[in-house]
Structure formats: structure tokens, C-alpha cells
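1. sequence first, then the predicted structure:
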Amino acid sequence: MTRHSFPVRIYYEDTDFSGNVYHAAYLKFFERGRTEFLRDEGIHHSELAAEGIAFAVRSMEIAFDGAAHIDDLLDVTTEIAAVSGARLTLAQTILRDGVVLTRASVIVVAIRTSGGAARMPAAIRALADKKGTD
């Protein structure tokens, strides 16, 4: 898998008084994109939680290049940039009609639900290996 795509429609609740999407709403869109990326690869948060593993966002760098508006249909893309130990780095974009509106570099870490760091699950490490062969 090189790049995962997930559609998001903009609703009134996503906008601010100016009619643009409120900046914090993009965080939700990126989160949905990451979740659906994993889900489409057969990796489910509920199953990981049952094994005592969860993810936490360690850092996120976002660039806002353009504004989305009510009724826009956006495309949230997600792709693996790197995997090492307990870290997964993802490159994400939000596009409208092929034009990039927002970009993010996200580092998530694997943690034990009981506390402390955990090794990145084998299924995700395998995705990174698969990425290298695409």
C-alpha cells in the first residue's frame, strides 16, 4: 500500500464564523484518515486494545495551505513515512479536487494500556515492509 484515501464531507459544524473550516477540525479529519488507513489493512484499535496496546500522538506538524468550506468533499490521504521501534511516522494530506489544503507529519507511538512504551505491533511493521516493496 502506497497511499490510503478517505473522503470527508464538510458540514456546518466543521466551520467557524468566517465560513472556513475551523483549524482544530482538521485534526479530527486526520485522525479519521489514520484510523481508516489501519482498518483497511485489517488493523483495528479495539483488537489492539484487547491485547493491551494503544497509540498516542507524540507530535504533529501541520501546514495550512488553503481553506476548506461547507459542502466541500475532501480527500484525506495517509501514507507511512517511517517505522522504528515504538514509533510510526505518517505523512497526511487533505485535498480538495486534487489541490492540497493541509499537510501533516504525524508521529504516533505504541503504548501499553497499563502504562509505558510498547513495541510497534507486527502488523504495522509488516505494512512498512510492504511499503518498501511497492
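-> Good, I have the coordinates.
2. and the strands in this structure?
-> Here the chain has its strands, by DSSP state E, at 4-9, 53-64, 73-84, 87-96, 99-112.
3. C-alpha coordinates for the second one, CSV please?
-> This means strand 53-64. Extracted C-alpha coordinates of strand 53-64, given in CSV (Å, rounded to 0.1, in the frame of the first residue of the first chain):
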residue,chain,number,x,y,z
ILE,A,53,-1.8,-1.9,23.0
ALA,A,54,-2.9,1.7,22.1
PHE,A,55,-1.5,4.6,20.1
ALA,A,56,-0.7,8.1,21.3
VAL,A,57,0.2,11.0,19.1
ARG,A,58,3.7,12.1,20.1
SER,A,59,4.0,15.0,17.7
MET,A,60,2.2,16.6,14.8
GLU,A,61,3.4,19.3,12.4
ILE,A,62,0.6,20.9,10.3
ALA,A,63,0.8,23.3,7.5
PHE,A,64,-2.4,25.1,6.4
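4. run the angle between the lengthiest helix in the chain and strand 87-96 for me.
-> For the chain, the helix reaching the highest residue count under DSSP state H is reported as helix 25-40. Per axes from the mean of the first three to the mean of the last three C-alpha atoms, to 10 degrees, the angle that helix 25-40 makes with strand 87-96 is 120 degrees.
5. buried residues in helix 25-40?
-> 25-26, 29-30, 33-38 (16 or more other C-beta atoms under 10 Å). Backbone N, C-alpha and C define where each C-beta goes, glycine included.
6. I'd like these laid out as JSON lines, including distance to A104 and pLDDT.
-> Output for the buried residues of helix 25-40, formatted as JSON lines (distance: C-beta to C-beta, whole Å; pLDDT from 0 to 100):
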{"residue": "A25", "distance to A104": "13", "pLDDT": "97"}
{"residue": "Y26", "distance to A104": "8", "pLDDT": "98"}
{"residue": "F29", "distance to A104": "10", "pLDDT": "98"}
{"residue": "F30", "distance to A104": "5", "pLDDT": "98"}
{"residue": "G33", "distance to A104": "9", "pLDDT": "98"}
{"residue": "R34", "distance to A104": "10", "pLDDT": "97"}
{"residue": "T35", "distance to A104": "14", "pLDDT": "96"}
{"residue": "E36", "distance to A104": "15", "pLDDT": "97"}
{"residue": "F37", "distance to A104": "13", "pLDDT": "96"}
{"residue": "L38", "distance to A104": "16", "pLDDT": "95"}
